[in-house]
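# Mind looking at a prediction? Sequence and model below.
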Amino acid sequence: MIRSLSEMVEKVHSLKKKHHIAVAWAQDPNSVVAIHRAVSEGFAEAIMIGRPAEIKKICNSHDIDVQSLNIVEADNETVASAKAVSLARNGEADIVMKGLVGTDKFLKEVMDKDKGIMKSGAVLSYVGALEIPAYHKLIFISDPAVIPFPNLDQKIEMARYAIEMTQRFGIRKPKIALIGASEKMSRHFRNSVDYAIMCKMAERGQIKDCIMDGPLDLFLACDRKSIEIKGVQTPVNGDADILLFPSLESCNPFYKGLMLFANAELAGLIRGTEKPVIVMSRSESEKSKYYCIALSCLMA
Amino acid sequence: MALKNMGDLKNIVADKPRKKLVLAAAQDQHSLGAVLRAWNDSIIEPILIGDKEGIQNICYENGYDITGLRIIHEPDLDMSIEMAVKMLNNKQADILMKGKVGTSSLLKCVLNKEWGLRTGNLLSHIALFEVETYHKLIAVTDVAMNIAPNLKDKIAIVNNSVSFLNRLGYTMPKVAVLGAVEMVNENMGATLDAALLSKMNQRDQIRHCIIDGPLAFDNAISLESAKHKGIKSEVAGDTDLLLMPDIEVGNVLYKSLVFFAKAKVASIILGALVPIVLTSRSDSEQAKYDSILLSAAASK
């Protein structure tokens, strides 16, 4: 079982596979540095799509050998995104990554009905692996980035994506906590209703390979002491592997707060696509981008 | 503990002080016969309210001996119900039974805000069946009173039924929430409510029972069938109480058990200050007798 992001990177190294990553609108220093690290460590091959001159300039100023990256010229961010996606579609790339392009424009190409790389009928969502120094293992979170207010069907898919990811981390039966403000079921709280339905589905094998409980508050999900104090019987038992949040706006500040104040690190990916798609905010550090690249190689 | 047959109810009654049953509009041969038989068997102490002459005529024609029986003369039907209900409201008796009056006029009096028998709980019907092919008695609710209960109603119905079963000596009755299938299906509201009721039970929001659902009828009552489907459930195959999705399903089940399976049945209304025996004309005299027996066993 992989318990940290550095162990995740070790695992990727041990796979001895090289994945082709197409970066859309690639002239972004953080992305270039992160991808170069992955290339030099031998688990990635880069296809940098964007303005060659600018990419070369970044390489020079960071002591990066331009020859180690394949550069493809594109006039604008839309063309660059479409090119990256088409490379993934025709098999020349295994992973697509967003560079300096805006998320909306980039995802539009990913989701294009004819030229995109969505799995048919799939829900697009985001799963992140969060390393929190104060927690004894990685914790997987969903969805901090894509679905604002997931409905029941979307929540079920979010859970499935997260389960799928944890399996690659060697967690065979992940414990999923469906996060609410309290552990009580109230018909006035739509999320607690969805959660109760999902728990029964997990009990009946309609959602497989997990131990699910909710609603649970964060304490009950991640802290055994709180369980003892409250006396709530829950199979998650303060040992959650996955936290499923009721909304984007609850999940997003959760991880950002932990990154800001508790030295957490996040690696995340878009799910629902035929091939891994890396989308991160442009302000994210080179280290996070590197972790995302490693994660995408693990999932590819 | 579970009751095996109607005879077990007699043992419960034998251990209690004799309960007073008020028969409202008692000039009704069907109910009178059952009441007098229960009186002879020392199950209850009857108080008859109604048209004294009418009552005496019925008794004379059927050879009933009513020596020593308390009869209150009130020829007006509505007044006789009102008097009966007020008597129970004043705690002068323990059980209410309907004679020659319509159900709706009786319930109107029961629900009277000043002198009725309201507790703030929903009124619900419970039927207890002795079926040869099941290893113990099985309770079914609601087959006669609530037409299309919503989740809130179902919670109230379960609470009524569970506290009734607790009084009969079941410490943790097993409640199966019935669906057409044991899987959660978003298009079948009954399966969703079942999931919510299960969760509320797990969280101690519905107590003193074990709830599982959705369960299809076969896996609710047959362990073999539950095993065959791979259902892990404490309730499946050993149900004490079946919660019906609506009155149509409930009523058809009730009648199938009586007509096809030749089941013995006893039924009462719960949720009022006292148990109410509200059998219909089509019920056999035995069913009426067993219902009186049940009301005496359930009386506080």
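Here it is on my side, so go on.
# would you list every one of the strands in chain B?
B:19-24, B:44-50, B:70-73, B:95-98, B:124-130, B:138-141, B:174-179, B:210-216, B:241-243, B:264-270, B:276-277 (DSSP state E).
# Any chance of CSV for those, columns distance to chain A and mean pLDDT?
C-betas here are computed from N, CA, C, even on glycine. Shown next, in CSV, are the strands of chain B (distance: least, Cβ to the nearest Cβ, whole Å; pLDDT from 0 to 100):
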stretch, distance to chain A, mean pLDDT
strand B:19-24, 37, 97
strand B:44-50, 40, 97
strand B:70-73, 46, 96
strand B:95-98, 32, 97
strand B:124-130, 19, 97
strand B:138-141, 20, 98
strand B:174-179, 10, 98
strand B:210-216, 8, 97
strand B:241-243, 15, 98
strand B:264-270, 22, 97
strand B:276-277, 29, 97
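# Now mean neighbour count too, for these, in JSON lines please.
Conversion of these to JSON lines gives the following (neighbours: other Cβ atoms under 10 Å in any protein chain shown):
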{"stretch": "strand B:19-24", "mean neighbour count": "26"}
{"stretch": "strand B:44-50", "mean neighbour count": "25"}
{"stretch": "strand B:70-73", "mean neighbour count": "14"}
{"stretch": "strand B:95-98", "mean neighbour count": "27"}
{"stretch": "strand B:124-130", "mean neighbour count": "25"}
{"stretch": "strand B:138-141", "mean neighbour count": "25"}
{"stretch": "strand B:174-179", "mean neighbour count": "26"}
{"stretch": "strand B:210-216", "mean neighbour count": "25"}
{"stretch": "strand B:241-243", "mean neighbour count": "26"}
{"stretch": "strand B:264-270", "mean neighbour count": "25"}
{"stretch": "strand B:276-277", "mean neighbour count": "26"}
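# would you list the ones you listed in a markdown table and tack on distance to A:Ala38?
Listed next are the strands of chain B as a markdown table, based on distance: least, Cβ to Cβ, whole Å:
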| stretch | distance to A:Ala38 |
| --- | --- |
| strand B:19-24 | 81 |
| strand B:44-50 | 84 |
| strand B:70-73 | 93 |
| strand B:95-98 | 80 |
| strand B:124-130 | 65 |
| strand B:138-141 | 63 |
| strand B:174-179 | 51 |
| strand B:210-216 | 49 |
| strand B:241-243 | 57 |
| strand B:264-270 | 68 |
| strand B:276-277 | 75 |
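# quick one: which of those strands is nearest A:Leu248?
For the strands of chain B, distance to A:Leu248 was read as Cβ to Cβ. The smallest value, 31.2 Å, belongs to strand B:210-216.
# which outside residues touch the closest one?
A:200, B:158, B:172-184, B:188, B:190-191, B:194-195, B:197-198, B:200-201, B:226, B:231, B:233-236, B:239, B:243 (Cβ atoms under 8 Å, 6 or more residues apart in numbering or on different chains).
# A:Ile270 in helix, strand or coil?
strand (DSSP: H, G, I helix; E, B strand; the rest coil).
# Nearest to chain A: which residue in the stretch 1-150 of chain B?
Scanning the stretch 1-150 of chain B for the residue nearest chain A gives B:Asn150, at 8.8 Å (criterion: Cβ to the nearest Cβ).
# What about that residue, how many residues nearby?
11 (other Cβ atoms under 10 Å in any protein chain shown).
# Pretty sure A:His62 sits against A:Val32.
Yes - proximity of A:His62 to A:Val32 meets the contact threshold set by Cβ atoms under 8 Å, at 6.9 Å.
# ok, these two, which is more surrounded?
Neighbours per residue (other Cβ under 10 Å) separate A:His62 from A:Val32, with A:Val32 holding more: 28 against 12.
# how far away is that one from chain B?
Relative to chain B, A:Val32 is positioned 46 Å away (Cβ to the nearest Cβ, to the nearest Å).
# how far does the helix or strand where that residue lies sit from the chain's center?
Assigning secondary structure by DSSP states H and E places A:Val32 in helix A:29-40. Relative to the centre of its chain, helix A:29-40 is centred 18 Å away, using Cα atoms, centre = their mean, to the nearest Å.
# Counting neighbours, which bits of whichever helix or strand comes after that helix end up buried?
Downstream of helix A:29-40, the first helix or strand assigned by DSSP H and E is strand A:44-50. By 16 or more other Cβ atoms under 10 Å in any protein chain shown, the buried positions in strand A:44-50 come out as A:44-50.
# now do stretch A:286-300
Under 16+ other Cβ under 10 Å, the buried positions of stretch A:286-300 are A:286, A:288-300.
# isn't A:Gln154 right up against A:Val146?
No - here A:Gln154 does not reach A:Val146: they are 9.5 Å apart, not a contact under Cβ under 8 Å.
# any idea where the helices of the stretch 1-150 of chain A begin and end?
All helices of the stretch 1-150 of chain A, identified by DSSP state H, counting those that start in this stretch, fall at A:5-15, A:29-40, A:52-61, A:77-89, A:103-111.
# Can you lay out these as TSV showing distance to A:Ile229 and mean pLDDT?
Compiled in TSV, those are given as follows (distance: least, Cβ to Cβ, whole Å; pLDDT from 0 to 100):
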stretch	distance to A:Ile229	mean pLDDT
helix A:5-15	31	97
helix A:29-40	43	94
helix A:52-61	53	96
helix A:77-89	49	97
helix A:103-111	41	94
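# near chain B, which residues of chain A?
A:152-153, A:183-185, A:187, A:193, A:195-197, A:199-201, A:203-206, A:232-233 (Cβ under 8 Å from any Cβ of the partner chain).
# Pop the domain breakdown of the chain in here.
Just going to use chain A. Annotated domains of chain A cover A:5-118+A:273-299, A:125-261 [automatic domain parsing].
# Wait, chain B was what I had in mind.
Split by automatic domain parsing, chain B gives B:6-118+B:272-298, B:124-259.
# How many neighbouring residues does B:Phe217 have?
Neighbour tally, B:Phe217, other Cβ under 10 Å: 16.
# Please name the nearest non-neighbouring residue to it.
B:Leu178 (6.3 Å; Cβ to Cβ, 6 or more residues apart in numbering or on different chains).
# Next up, the contacts around that neighbour.
Neighbours of B:Leu178 in contact, by Cβ under 8 Å, 6+ apart: B:190, B:194, B:213-217, B:220, B:242-245, B:249.
# rerun at 10 Å
B:140, B:190-191, B:194, B:213-217, B:220, B:239, B:242-245, B:249-250, B:253 (Cβ atoms under 10 Å, 6 or more residues apart in numbering or on different chains).
# Equivalent analysis for B:Thr141, please.
B:Thr141 touches B:124-128, B:149, B:154, B:157-158, B:160-161, B:164, B:175, B:241-244, B:250, B:267, B:270, counting by Cβ under 10 Å, 6+ apart.
# and residue 7, what is it in contact with?
I went with chain A, as the question did not name one. So A:Glu7 contacts A:1, A:131, A:138, A:169-170 (Cβ under 10 Å, 6+ apart).
# was after chain B, sorry
Counting by Cβ under 10 Å, 6+ apart, B:Gly7 makes contact with B:130, B:293.
# distance of it from B:Val13?
To B:Val13, B:Gly7 is 11 Å away according to Cβ to Cβ, to the nearest Å.
# One more: A:Pro148?
60 Å.
# So which of the two has more stuff around it?
B:Val13 (24 against 8).
# Name the residues of chain B found near chain A, please.
Residues of chain B lying close to chain A (Cβ under 10 Å from any Cβ of the partner chain) are B:150-152, B:155, B:181-186, B:191-206, B:212-215, B:229-233.
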